[in-house]
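Colleague: what follows is a protein structure lacking sequence information:
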């Protein structure tokens, strides 16, 4: 049986724990954010996107109409590390085209 339930449950847990840890660790000066990429051009994604029908369905649900690049995720993570992002915490930020 193929089921996305365990994957979805762990994603939901990450979303919840991000906010909890931000509140718990914020008084110690620790910020917690969660970056949630959609399909990014990695070896793992390339394996599933070999199926042209599946790839078509992914791209149809992606406003940019393409798969993201690793540097697009890395740029967000780098920004979150800068002093200018010092007031951003407890956020779940999607990189999803």
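Modeller: That came through fine. What you see is a predicted model, and the numbers here were worked out from it, not measured in a lab. Residues are numbered from 1 along each chain as shown.
Colleague: Three-state assignment for the residue nearest to the spatial centre of the chain, please.
Modeller: In the chain, the residue lying closest to the centroid (C-alpha atoms, centre = their mean) is residue 36, at 0.9 Å. Look at residue 36: counting by DSSP: H, G, I helix; E, B strand; the rest coil, its state is strand.
Colleague: ok, it touching residue 77?
Modeller: No. Using C-beta atoms under 8 Å, residue 36 makes no contact with residue 77, being 11.8 Å away. Placement of C-beta: from N, CA and C, glycine included.
Colleague: how about the helices in the protein?
Modeller: 5-25, 43-48, 52-60, 70-81 (DSSP state H).
Colleague: ok so, going back, can you check what pLDDT the model gives the residue nearest to the centre of the chain?
Modeller: pLDDT, residue 36: 95.
Colleague: residues in a beta bridge with it, which ones?
Modeller: residue 94 (DSSP bridges).
Colleague: if I look at it, how far off is residue 93?
Modeller: 7 Å (C-beta to C-beta, to the nearest Å).
Colleague: same check, this time on residue 48
Modeller: Distance from residue 48 to residue 93, by C-beta to C-beta: 23 Å.
Colleague: repeat that for residue 61.
Modeller: Applying C-beta to C-beta to residue 61 and residue 93 gives a distance of 19 Å.
Colleague: shouldn't residue 55 be in contact with residue 49?
Modeller: Yes. Contact status for residue 55 versus residue 49: in contact at 4.4 Å, counting by C-beta under 8 Å.
Colleague: of residue 61 and residue 93, which one has the most company?
Modeller: residue 93 (16 against 12; other C-beta atoms under 10 Å).
Colleague: skipping adjacent residues, who's closest to that one in space?
Modeller: Excluding the flanking residues, the one nearest residue 93 by C-beta to C-beta, 6 or more residues apart in numbering is residue 35, at 5.6 Å.
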